[in-house]
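[1] Just need the structure, nothing else, for what follows:
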Amino acid sequence: MRPHMSARLGGGLAALLLLGTAALGGTAAAAAPPADGPAEGVAADAATLALNADVTRALGADSAGTYLDAGTGELVVTVTDKAAAERARAAGAQAELVEHSAAELRSAMGAFERRAQITGTSWGVDPATNQIAVQADSTVSAAEYAKLKRVAKSLDGAARVNRIPGVFHEEVIGGDAIFGGGYRCSAAFNVTKNNARYFLTAGHCTNAGASWSDSNGGDQIGTREGTSFPTNDYGLVRYTDGSTPAGTVNLYNGGSRDITRAADAVVGQAIQKSGSTTGLTSGEVTAVNVTVNYSSGPVYNMVRTTACSAGGDSGGAHFSGNVAYGIHSGSAGCTGTDGSAIHQPVTDALDAYDVSVY
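    Numbering: from 1, shown residues only. Below is the predicted model:
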């Protein structure tokens, strides 16, 4: 987060503070520098993001969600009637007639919430298939998995259930990065309000402590201004050491990326995650409005991706190009290069604390 502090901090910690990320816990594992670019999904340029925001706002409940076409990269708006399709096309997007409306998908989410809120599961909207995509990790028993399948079967094709390896958890290990409450965390994005400087991180990090330092037992660099977990997973720390850190993300290849704005992620788009354990990893957004049932409680309105992450990445940055998208929350781990990294939309935290990226 703080690229001009290398004379005062060790080189490794200075790199971490380039908005690198870590999370409650141990010594970060070294990672080979990855390529500087998303490996999956399609790029979402500024015009596409603006169109997505405009169409989503204009159609409201008349749209069942949006996604990026894997072949053309164009924005696709899912609708259930021809009038809404015409409005979407008039705005400049593709339109796709689908079976399940936004209301039906919300109802399907509610059915899982009421009938099968099981630790080790997550569910969210996949507009590309017009379904609720449900995942069950390795801790979900055979009986519990059968219950999930029964709920899905009762929803007339509006949901699908898949078993995934690993365990959904906040990415927590021990180590020496930024310390608070006896744990370590790192920041996602530097933000500002009224000329004061802050950083955003995961709420399960800021829940742990009010005072933050850059070494175990070191001098305080910031204090907690806000925290929210579970339900949400974001927290705000104010710099108290007089520093003015830059708004960059660590690329773990010797470079960094300026972050100039924030937006909500779109299903199908490419995204990157910067974390102190796995470094820079790439993936694709696969679901939005995701509920994750951690052992410590559920979190809502999250975003699911295929980026790889591991213990120590909590609080990290999900981004693409110069755009901030999310604060890393957790995952069920990685299988090969395919992960399940979950992020809290950064726009929720920006709105909650009335701060902005810079």
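
[2] in the stretch 251-358 of the chain, what spans have low per-residue confidence?
    Confidence mapping of the stretch 251-358 of the chain against pLDDT under 70 gives the ranges 336-337.

[3] which residue ranges form the strands in it?
    256-258, 261-262, 270-275, 279-294, 297-305, 317-320, 323-331, 334-335, 338-339, 342-345, 356-357 (DSSP state E, counting those that start in this stretch).

[4] for the fourth one, packing partners?
    Right, the one you point to is strand 279-294. Judged by 3 or more C-beta pairs under 8 Å, 6 or more residues apart in numbering; DSSP states H and E, strand 279-294 is in contact with helix 102-115, strand 121-126, strand 270-275, strand 297-305, strand 323-331, strand 338-339. Glycine gets a C-beta too; all of them are placed from N, C-alpha and C.

[5] how about it as CSV, C-alpha atoms only?
    The C-alpha trace of strand 279-294 is given here as CSV (Å, rounded to 0.1, in the frame of the first residue of the first chain):
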residue,chain,number,x,y,z
GLY,A,279,0.5,-13.3,-5.4
LEU,A,280,-1.3,-12.2,-8.5
THR,A,281,-3.8,-14.7,-9.8
SER,A,282,-6.4,-14.4,-12.6
GLY,A,283,-9.9,-15.7,-13.2
GLU,A,284,-13.4,-15.0,-14.3
VAL,A,285,-16.5,-13.8,-12.5
THR,A,286,-19.0,-16.6,-12.4
ALA,A,287,-21.8,-15.4,-10.1
VAL,A,288,-23.1,-12.3,-8.4
ASN,A,289,-25.4,-11.7,-5.4
VAL,A,290,-23.7,-14.7,-3.7
THR,A,291,-24.4,-15.9,-0.2
VAL,A,292,-21.6,-17.7,1.5
ASN,A,293,-22.3,-19.8,4.6
TYR,A,294,-19.0,-19.6,6.6
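
[6] What pairs with that strand, parallel or antiparallel?
    Strand 279-294 has the following strand partners under DSSP bridges: strand 121-126 (antiparallel), strand 270-275 (antiparallel), strand 297-305 (antiparallel).

[7] Buried by neighbour count: which residues of it qualify?
    Judged by neighbour count (16 or more other C-beta atoms under 10 Å), strand 279-294 contains these buried residues: 279-294.

[8] any idea of the angle that strand forms with strand 323-331?
    60 degrees (axes from the mean of the first three to the mean of the last three C-alpha atoms, to 10 degrees).

[9] Give me the angle between strand 279-294 and helix 102-115.
    70 degrees.

[10] i'd like the first residue to be 420 from this point on
    In the new count, where the first residue is 420, that last one comes out as strand 698-713.

[11] re earlier: what's the most buried one of the helices and strands packed on strand 698-713?
    Of all the helices and strands packed on strand 698-713, strand 742-750 has the most neighbours on average by mean count of other C-beta atoms under 10 Å, namely a mean of 30.

[12] would you list every one of the strands in the stretch 470-619 of the chain?
    For the stretch 470-619 of the chain, the strands defined by DSSP E, counting those that start in this stretch occupy 482-487, 494-498, 513-516, 540-545, 550-555, 578-582, 588-589, 597-599, 602-604, 608-612, 615-620.

[13] Show me what the third one packs onto, helices and strands only.
    Right, the one you point to is strand 513-516. Packed next to strand 513-516, using 3+ C-beta pairs under 8 Å, 6+ apart, are strand 494-498, helix 501-510.

[14] can you check the second one too?
    With contacts defined as 3+ C-beta pairs under 8 Å, 6+ apart, the packing partners of strand 494-498 are helix 465-478, strand 482-487, helix 501-510, strand 513-516.

[15] T697 and S748, how far apart?
    Distance, T697 to S748, using C-beta to C-beta, to the nearest Å: 15 Å.

[16] ok so, going back, let's have the strands of the stretch 670-777 of the chain in TSV, adding distance to E518.
    Below are these laid out as TSV (distance: least, C-beta to C-beta, whole Å):
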stretch	distance to E518
strand 675-677	40
strand 680-681	33
strand 689-694	28
strand 698-713	18
strand 716-724	22
strand 736-739	31
strand 742-750	29
strand 753-754	31
strand 757-758	28
strand 761-764	27
strand 775-776	38
